[in-house]
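Asks: model the structure of this input:
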Amino acid sequence: MSYEEQPIGAFLDAVASERVVPAGGTSAAVVGATGAALCEMVCIHTLAKSERSGEGSALASAGEELAALRRQLLTLADRDADAVEALLSADDGERTTAAKRATGVPLSTAEACLAVVESAAVVAAEGTPNAVPDAGTGVFLAHAALRASTFTVRCNLDAIDDPSVVDRMRRRATELEADADRAVDEAMAAVRDAS
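Replies: Okay, here's the model as predicted:
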């Protein structure tokens with residue numbers, strides 16, 4: 001069963017169990033998907049009210065992107081669990097390849113979370129004022145998920161025996177964090193302006 005189909009309580013029970021997965025990377029992807037869903041909700045509520053006046057094309061595009069990002073993040077949750085299991089069961093000859101995958105998935109999660117935060121600026125600027133605070137919550141969740149993902153990336157780098165890959169992934173994680181900090185500032189300024 002994919003995490004998308006699993007009830008929240010069952011997912012949290014699995015996280016809080018003796019099993020190795022789901023763990024941090026999977027949890028971060030689910031939190032990022034939750035952030036995307038909150039921002040998507042603001043789009044849906046705003047567009048439902050504005051369809052009569054023909055407004056909302058940028059918001060409609062943002063809503064479509066957020067829906068795709070939500071689905072992508074849930075897929076990444078499954079991929080993260082698979083990658084961690086593969087890493088733990090890899091023999092010495094497969095370990096570096098498995099470690100690259102176990103590091104690449106949270107890097108992809110961080111990239112998707114950055115896209116959520118960037119889309120949230122549009123949502124906050126154009127959303128109905130009483131729903132915009134939910135977009136702000138979505139921003140904070142996606143940002144936290146991004147930071148958790150880049151933390152996971154850095155934790156996994158020691159298992160990779162390829163200095164160029166390690167350097168590239170470390171640089172990308174740092175770039176994503178800096179880009180996310182700027183995007184959070186922009187999105188939250190829009191949230192404050194709407195409130």
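Asks: list the contacts of Ala159.
Replies: Ala159 is in contact with Leu87, Arg95, Thr96, Ala99, Ala102, Thr103, counting by C-beta atoms under 8 Å, 6 or more residues apart in numbering. Every residue, glycine included, has its C-beta placed from N, CA and C.
Asks: redo that, cut-off 6 Å
Replies: For Ala159, the contact set (C-beta atoms under 6 Å, 6 or more residues apart in numbering) comprises Ala99.
Asks: chain center to stretch 122-131, what's the gap?
Replies: Computed by C-alpha atoms, centre = their mean, to the nearest Å, the chain-centroid distance of stretch 122-131 equals 20 Å.
Asks: which residues are contacting it?
Replies: Under C-beta under 6 Å, 6+ apart, the answer for stretch 122-131 is 39, 42-43, 45-46, 49, 58-59, 62, 132, 135, 187, 190-191, 194.
Asks: give me the mean pLDDT for that stretch.
Replies: Across stretch 122-131, the average pLDDT comes to 94.
Asks: pLDDT weak spots in this structure?
Replies: 51-56 (pLDDT under 70).
Asks: most widely separated two among the contacts of stretch 122-131?
Replies: The distance between the two most remote of the contacts of stretch 122-131 (C-beta to C-beta) is 21.2 Å, for Lys49 and Ala187.
Asks: out of these two, which sits in the busier spot?
Replies: Using other C-beta atoms under 10 Å as the criterion, Lys49 and Ala187 rank with Ala187 on top: 28 against 12.
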